[in-house]
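# Just to be clear, the model below is a prediction. Sequence and coordinates:
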Amino acid sequence: IGGISITSGRRSFEEQARLYAEKPNLAAPPGRSLHVRGLAADLSFAPGAQERAHARAAEFGLSFPMANRARNPEPWHIEPIGA
């Protein structure tokens, strides 16, 4: 799928703690973030790529588990299914 880039991948515990302190409604606490374990990424999409990525993620064992949250959805956050 073209038009997708990774904007954030693995983060250190300290980096996750800083992000959580700055944006607690967007970032998970460092002990609960899959970014700290290297199992999550935040993506950037070219026009039309987000819809294709969401439609095909499961084919690659991936999911966008926070895409449809009522509060603070994160359609850019991807992680392995079942993580």
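The structure has been received and is ready for your questions. Everything quoted here is computed from the prediction, not taken from an experiment.
# tell me, which helix in this protein spans the most residues?
Looking across the chain with DSSP state H, the single longest helix is helix 13-22.
# Which residues does that helix contact?
Here helix 13-22 makes contact (Cβ atoms under 8 Å, 6 or more residues apart in numbering) with 11, 26-30, 33, 35-36. Glycine gets a C-beta too; all of them are placed from N, C-alpha and C.
# which neighbours does the helix or strand that that helix is followed by have in its sheet, and in what orientation?
Downstream of helix 13-22, the next assigned helix or strand under DSSP states H and E is strand 41-45. In the sheet, strand 41-45 lines up against strand 4-8 (antiparallel), strand 77-80 (antiparallel) (DSSP bridges).
# about what we covered before: nearest to P65 among the contacts of helix 13-22?
A28 (11.7 Å; Cβ to Cβ).
# Pull the most distant pair out of the contacts of helix 13-22.
The two members of these with the most space between them (Cβ to Cβ) are L26 and V36, at 15.3 Å.
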